[in-house]
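Engineer: Output the structure for:
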Amino acid sequence: MSTSKTMIKVEPGAAQSRDPRCGHDVEALKQSFLNHIAFTRAKVPGYSTPQDRFVALAMTVRDRLIERWIATRKAYYGQQGTKRVYYLSLEFLIGRTLGNSLVNLEMYEECYQALFELGYDLEEIRELEEEAGLGNGGLGRLAACFLDSMATLELPGYGYGIRYDYGMFHQRIRDGQQVEEPDDWLRCGSPWEIARPEDTFRVQLYGRVEPYEDAQGNEKFRWVDTRDVLALPYDVPVPGYRNNTVNTLRLFSTKSTNEFDLTYFNHGDYLRACEDKALTENITKVLYPKDDFDEGRALRLKQEYLLVSASLQDILARFTSQHDDWSQLPELAAIQLNDTHPALAIPELMRLLMDHEGLGWDEAWDITVRTFAYTNHTVLPEALEKWSVWLLGNLLPRHMEIIYAINWRFLEEVARHYPGDNARMERMSVIEEGDEPRVRMAHLAIVGSHSVNGVSALHTQILKDRVLREFYEFYPDRFNNKTNGVTPRRWLKKANSPLAFLISEAIGDGWVTDLDRLRELAPLADDAEFQARWREVKQLNKERLAGYLKQTQGLVLNPEHLFDCQVKRIHEYKRQLLNILHVITLYNRIKQGRAGDAAPRMVLLAGKAAPAYYLAKLIIRLATAVGDVLRNDPEVAGRLQLVFPENYGVSLAESIIPAAELSEQISMAGMEASGTGNMKFALNGALTIGTLDGANVEIKEEVGDENIFIFGMTAEEVEAQWAAGYDPWHFYHGDPELQTAIEQIAHNRFSQDEPGLFQPLLDRLLHQGDQYMVLADYAAYIRCQEEVNRAYRDRSQWTRMSILNTAYSGKFSSDRTIREYAEEIWNVKPVPVKL
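Structural biologist: Sure thing, here's the model as predicted:
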């Protein structure tokens, strides 16, 4: 099926007048809520369940979004020359939608009052919403922030992703270890999405390529004998703040072309009757299926192709609904590839333009390059995605042919620039030769895009100097930096409403859409009364977090302690292990009576480990084991604790980040592309302890050396250490406290019931090269934590530093980032929406 032109048709006058059912006043909201209890849930209020009330409230809010949604489509399609942005991402970690929509529609207080008058609590209802299982970490959260900023800046933007049935997984901590359970976030449905079965697309897989001659004698190609699946779109509204724009996040779910085989069923083979449906719908079943076996890799590749095929069919349908000159496509559509996962969009667009629309290679390639832009998110060469030529050729035979043709033409260009340099050609080739040839998706994305951007100044420089140096030399004008940002609507105004209120009371609320206005707080950093109120807000947030974790997970936190937080995906390079070694060191100092005036400290670690990542899961076990020892030792229980809340996600982050006082950003320098957690913490007044890695470098530049705690080697010093021959044993033998901590782990101090449990972690540090230089940075980290302790003891000074961190976080708004994309890469302009 292909989308017809009626898909984007907007009836004249559809949003000319305000519908009285969409009022924002308390009485209108009450009436709308009661109507949905009755006519959407078929209940009377006295017999409604909590789920009934959540759905009724969500539909009440959605009504007000839909009015703007229709007006937005009309504005975008009412102007023939409107250029649109299409953001392709395998993840959109949007979190809960209800509270964010209320904030952006500026009707939170009215809604709270309406429900209060009806005898309900808005906060209790909000807690019933399932967090959308559409992402895992920073990549997906960044995409969600970007959609929020596009809508707030009134940019015509669309997100394209996959509607995963189960997300990644729901993390439980049982007996100290991670246990993965299905994240069945759609078990009650989602009130925010609208299914669009009339816009379903057919996606081809497998088959063969058949050459033929057209009427003019030109060689053409058909992709035939394919096994097809259907991509069913679901649209989710994305409201801007304080405007009428509601953009669209379109998510695709798979459906079988043969839902049910009655012949098999009638012969009693009930499983076979549904087999095709089950196999097809597995494609969008789970985010990031395990790919350490052939079937898992094939499933992951199908996911990526489903996203790009359905998205491009949709994008081209939107284009052809108003235009028929393909040369105009780059002038009217900008497609941003969020990492390499959607890089198959490049050969897919070439296939559609050549095989379906009849364009020649040169014209199709020019259109393709001018349409696509690529964002790189890693500095790890091993993390750059590669696909087996055999697998890709079997699943997508026509695309493999096109990739070979792209590579052949590209290498011809390289040869002209560097005659005789076969080694360079081999390194730059899109195809990596060897026993199992593979397609380098990052190389494909670079060759097929007019822009390649990193996500922090340091990351971009590392791409230019090391990871992609030869591509930068070949395409210097394509490379640029776009430092990441976060949306202040969700991460300050919504997540930390007490602080947002205090800030707005002091400097007005212009900061919500112009975060640089936070600099107006700087003169108040030394004001004793303002400092006192600032501390009251932080204490309130700490108490709220403590209460929430006790109620939901049975964890006991002391809100009088320093809240020291490291929340992110569990990975060796993020060095949660370094944090745990510091906790063990503090524990030993307390036991030995050498802790001095160390401030009582609550260390909070949270995050998910990939199911197949054994060492990351072992780090979680070590963290919980150390936490158990601390909790059960009366000498330290009141001075030091380590907790690991389960199932870290957006909603839990919205509770942790406002309460945090110290933000741990301690990856080895040169490893983190950017990070956005560091920005969220700083925005909420937490002080950063970190290396000069990712966006930490720019946070330091903004807040000043005196308002951040920096330790450890720089990226250049890391390189020099490797070049000199890094020996972790040198650091082990040279530091008695480090040696003691490691020996305690080795001698089962934290695993008495399972001797040797943590030996694989020690092997990584001592016998396998300590890849992320945990031991090399340990001493500097301990010294820096001592500086943290001294600063925290001076409450006035600490509060001053906290205020200035917030005041100087203006650069890290995703509004600034998106404005740079719009002006420097996409060339798109705002389109105001009127009701």
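
Engineer: Find the centremost residue of this structure, please.
Structural biologist: Per Cα atoms, centre = their mean, the C-alpha nearest to the average position across the chain is that of Gly140, at 2.1 Å.

Engineer: name the helices or strands packed onto the helix or strand containing it?
Structural biologist: Per DSSP states H and E: Gly140 is located in helix 138-152. The contact analysis (3 or more Cβ pairs under 8 Å, 6 or more residues apart in numbering; DSSP states H and E) places helix 138-152 against strand 84-88, helix 98-104, strand 157-162, strand 227-239, strand 246-256, strand 333-338, helix 814-821. From N, CA and C alone the C-beta is placed, and that goes for glycine too.

Engineer: Sheet-wise, list the partners of the fifth one with their directions.
Structural biologist: The reference is to strand 246-256. Using DSSP bridges, the strands paired with strand 246-256 are strand 157-162 (parallel), strand 227-239 (antiparallel).

Engineer: the inter-axis angle of the shortest one versus helix 138-152?
Structural biologist: For strand 157-162 against helix 138-152, the angle between stretch directions is 150 degrees (axes from the mean of the first three to the mean of the last three Cα atoms, to 10 degrees).

Engineer: going forward, begin numbering at 55 instead of 1
Structural biologist: Okay, residue one is now 55; in that scheme the one you just asked about reads as strand 211-216.

Engineer: and after strand 211-216, which helix or strand comes next?
Structural biologist: Moving toward the C-terminus from strand 211-216, the next element (DSSP H and E) is strand 224-228.

Engineer: now do the same end-to-end measure for stretch 530-545.
Structural biologist: Stretch 530-545 has an end-to-end distance of 35 Å (criterion: Cα to Cα, to the nearest Å).

Engineer: in that stretch, what counts as buried?
Structural biologist: 532-533, 535-545 (16 or more other Cβ atoms under 10 Å).

Engineer: what pLDDT, on average, does that stretch get?
Structural biologist: Stretch 530-545 carries an average pLDDT of 97.

Engineer: now the helix holding Gly194 against strand 138-142, angle please.
Structural biologist: When the same axes, to 10 degrees is applied, the directions of helix 192-206 and strand 138-142 differ by 160 degrees.

Engineer: what's the nearest residue to Glu171 if we skip its chain neighbours?
Structural biologist: Lys84 (6.5 Å; Cβ to Cβ, 6 or more residues apart in numbering).

Engineer: Which helix or strand contains that neighbour?
Structural biologist: Here Lys84 is assigned to helix 80-93, by DSSP H and E.

Engineer: Check which helices and strands that helix sits against.
Structural biologist: helix 104-131, helix 162-171.

Engineer: Most tightly packed of the ones you listed?
Structural biologist: Counting by mean count of other Cβ atoms under 10 Å, helix 104-131 has the highest mean neighbour count of the helices and strands packed on helix 80-93, with a mean of 21.

Engineer: quick one on the thing from earlier: residues of the helix holding Lys84 that come out buried?
Structural biologist: Those would be Val80, Ala82, Leu83, Lys84, Gln85, Ser86, Phe87, Leu88, His90, Ile91, for helix 80-93 by 16+ other Cβ under 10 Å.

Engineer: now it and helix 162-171, what's the angle there?
Structural biologist: Going by the same axes, to 10 degrees, helix 80-93 makes 60 degrees with helix 162-171.

Engineer: do you know how far the residue lying closest to Ile337 once chain neighbours are set aside is from Pro688?
Structural biologist: Leaving aside its sequence neighbours, Ile337 sits nearest to Thr308 (Cβ to Cβ, 6+ apart; 4.4 Å). Relative to Pro688, Thr308 is positioned 56 Å away (criterion: Cβ to Cβ, to the nearest Å).

Engineer: Looking at these two, which one has more neighbours?
Structural biologist: Applying other Cβ atoms under 10 Å to Thr308 and Pro688 shows that Thr308 carries more neighbours, namely 24 against 7.

Engineer: Let me know the pLDDT of the more buried one.
Structural biologist: pLDDT, Thr308: 95.
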